[in-house]
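Undergrad: return atomic coordinates for the entry below.
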Amino acid sequence: MRNVQILPEEVIKRIAAGEVIERPSSAIKELVENSLDANADEIMIRLKRSGKTLIEIKDNGTGIDSDDLETIFLRHATSKIRNIDDLEMIKSLGFRGEALYSLASISDITLKSKTDLQENGWEINIRANEKKHLKPISCNKGTTIQIKELFFNTPARRKFLKSDTTEMKNILNILIPYCLTYFNCSFKLINEEKTIIDLEKTDRKLSRIAKIFSLDPKNITFTQAKLNENISAAIFLGDINIQRTRKDLQFIMINNRPIKNNSLTFHINQIYQKMLSPNKYPFFCLDLEINSQLIDVNTHPTKKEVRLTNEAEVTSLIRSLTKQALSSSNVKKVPLIYNEKFFERNQPTVNNSIEENYQKITEQEFDIFQKDFSQPLNNEFRKRLENTQYIGIFINKYILFQHDNSLFIIDQHAASERINYEDLLNKANSNSVQRQYLLEPKITNLTYQETIVWEEFKDILQTLGFETTRWDKSSIAIHTHPDSIKNPESLIKDILNGDLKPEPNLEKISRLACRYSLMAGAYLNKEQALILKNNLLKCSEPFTCPHGRPTVIEIEEKFLERQFLRN
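TA: Model prediction:
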């Protein structure tokens, strides 16, 4: 009896559609690419529920001839390649002929189009790959595609769609690189009748960059060069005034196609390491023009990646170009921010009556000497730490204490993170966060993604002590912030860019906020070091920071004797 069978055509269609269209942002990517391939310089996107119930894309491109309207919905139907040799010379964004076929399999799709050579336009409606009608209509040149009920016949895929906010962030992440690359095209994005993006055409890419991200052009360096006979590069590089906790403002385009390339991203970020604060990332936008015969754009199912024949050479050339551009600009190392309020609000006293309820510390997390730190030993460790005597500070990172025959080392940054985290979380839960009221509001520019998140989560920010209001389309005003925070603008942007999935809560946001603590490298005197230790001991879980790293380690005399071969 045979066990292997050819799948029915209906099943094949659904599987193929899932490979191309994963969520609303996937549909928008494919359709925007089609509009750009049709030489459109005006693209309007209208959504309902972030594309879950409606996606409509209208362009003023060349349009689709009426004779092709039915053919374009067939699998692998395309006007962009003819034979296998064309795969080596692809210059269009789309070429596989899968997008419309896939969308027609899992939605109700209506397409209207008109070319210059036609007296009237034509409309076709297809639902689950079944044609409903084809008729002449009156319309302007270009194409309008309307997608309703996405995934209506694939409920499992629809079930795994995220919240409207998350889906909108995905759409913006997909759309913005095209807005950057095709700056001579206008883009408009409307969701639930609210305009999210409204970008006019421009003849300068720097203007488009500044508009999208609300950046000051003075903080961006531009350089370009013909690297060899096959490669040209143009790169926009942000200075130290543009720092992110994520690599969300880093873009690479090859032959006008937004792509991901880990090697190029790594090497550009590596050059910035000595200029930026730890765990901060710069802005850059790299445009590469490479001979089409040296790249393969057909290596990734969604065309996010391309294969370079000479990737090592390209990486080396871009690294040199970036280093040279930054060396010749006015980029300087960012100064250390020292948070004095961390000490102003604490007193150097020890509360010996605090309940001893601590998290169990594993060998990997805590003890470099492979002890078994059960709960009784954990409490014993706390008591020994309470009775230590101050010795000094090593390289402005580690505070040294002594007790009997042991050396205790506190990581000052990890310890202050734990203290600030518990302090902010406890006050937020009891609605007693001490606020710093500003005489003048701090105006903070937001990206489109940050604005979407702020709209939904501003009430939670207020619970944490941040009172914010809309200032204009691209910025908010900060009126108050927790008194323990030194740089509220940066913290709010970190929160809005943080991982708040599946939904935000005070604990997650407080964990992000605690990063604005005393930084490694800040100088502490003896009194401040004692304050740090004493307040750490007041915490409910003092021996790990909120991110799981140890705050204290103990080195016993017998360990040192072994290292010096004394036993």
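
Undergrad: check contacts around Leu161.
TA: Taking CB atoms under 8 Å, 6 or more residues apart in numbering, we find Leu161 in contact with 23-24, 52, 151, 167. From N, CA and C alone the C-beta is placed, and that goes for glycine too.

Undergrad: residues near Asn60, how many?
TA: 19 (other CB atoms under 10 Å).

Undergrad: which residues sit in contact with it?
TA: Here Asn60 is in contact with 40-42, 140-142 (CB under 8 Å, 6+ apart).

Undergrad: for Lys280, phi and psi?
TA: With angles defined as degrees, to the nearest 10, Lys280 shows backbone torsions of phi -120, psi 150.

Undergrad: thought it was touching Ile242?
TA: No. Between Lys280 and Ile242 there is no contact under CB atoms under 8 Å: 9.6 Å.

Undergrad: in three-state terms, label Lys304 for me.
TA: coil (DSSP: H, G, I helix; E, B strand; the rest coil).

Undergrad: need the pLDDT of the residue nearest the centre of the chain.
TA: With distances taken as CA atoms, centre = their mean, the chain has Asp248 as the residue nearest its mean C-alpha position (4.1 Å). According to the prediction, Asp248 has pLDDT 90.

Undergrad: check the secondary structure at it for me.
TA: When the rule is three-state DSSP, Asp248 gets the label coil.

Undergrad: for the residue lying closest to it once chain neighbours are set aside, give me its contacts.
TA: Nearest residue to Asp248 in three dimensions, chain neighbours excluded: Asn497, at 6.3 Å (CB to CB, 6 or more residues apart in numbering). Residues counted as contacts of Asn497 (CB under 8 Å, 6+ apart) are 244-246, 248, 449-450, 453.

Undergrad: could you redo the last one with a cut-off of 10 Å?
TA: 244-246, 248-249, 446-447, 449-450, 453, 512 (CB atoms under 10 Å, 6 or more residues apart in numbering).

Undergrad: kindly reformat those as JSON lines and extend each row with distance to Leu117 and secondary structure.
TA: JSON lines is the format used below for the contacts of Asn497 (distance: CB to CB, whole Å; DSSP: H, G, I helix; E, B strand; the rest coil):
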{"residue": "Arg244", "distance to Leu117": "48", "secondary structure": "strand"}
{"residue": "Thr245", "distance to Leu117": "52", "secondary structure": "coil"}
{"residue": "Arg246", "distance to Leu117": "48", "secondary structure": "coil"}
{"residue": "Asp248", "distance to Leu117": "44", "secondary structure": "coil"}
{"residue": "Leu249", "distance to Leu117": "43", "secondary structure": "coil"}
{"residue": "Leu446", "distance to Leu117": "45", "secondary structure": "coil"}
{"residue": "Thr447", "distance to Leu117": "42", "secondary structure": "coil"}
{"residue": "Gln449", "distance to Leu117": "41", "secondary structure": "helix"}
{"residue": "Glu450", "distance to Leu117": "45", "secondary structure": "helix"}
{"residue": "Val453", "distance to Leu117": "46", "secondary structure": "helix"}
{"residue": "Leu512", "distance to Leu117": "57", "secondary structure": "helix"}
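
Undergrad: farthest pair within these?
TA: Using CB to CB, the two most remote members of the contacts of Asn497 are Leu249 and Leu512, lying 18.0 Å apart.

Undergrad: domain assignment for the protein?
TA: 9-199, 205-328, 336-567 (automatic domain parsing).

Undergrad: low-confidence ranges, this protein, go.
TA: For the chain, the stretches flagged by pLDDT under 70 are 1-19, 79-92, 94-97, 298-303, 329-378, 484, 498-521, 567.

Undergrad: extract the C-alpha trace of the longest strand anywhere in it and format it as PDB.
TA: The residue-count maximum for a strand in the chain (DSSP state E) belongs to strand 435-445. Taking C-alpha atoms only, strand 435-445 is exported to PDB below (Å, rounded to 0.1, in the frame of the first residue of the first chain):
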ATOM      1  CA  ARG A 435       7.900  62.500  40.300                       C
ATOM      2  CA  GLN A 436      10.200  65.300  39.100                       C
ATOM      3  CA  TYR A 437       8.000  68.100  37.700                       C
ATOM      4  CA  LEU A 438       9.600  70.000  34.800                       C
ATOM      5  CA  LEU A 439       9.300  73.700  34.500                       C
ATOM      6  CA  GLU A 440       9.400  73.300  30.800                       C
ATOM      7  CA  PRO A 441       8.500  70.000  29.100                       C
ATOM      8  CA  LYS A 442      11.200  68.000  27.400                       C
ATOM      9  CA  ILE A 443      10.300  67.500  23.700                       C
ATOM     10  CA  THR A 444      11.200  64.000  22.400                       C
ATOM     11  CA  ASN A 445      11.100  63.000  18.800                       C
END
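
Undergrad: fine by me, we can end here.
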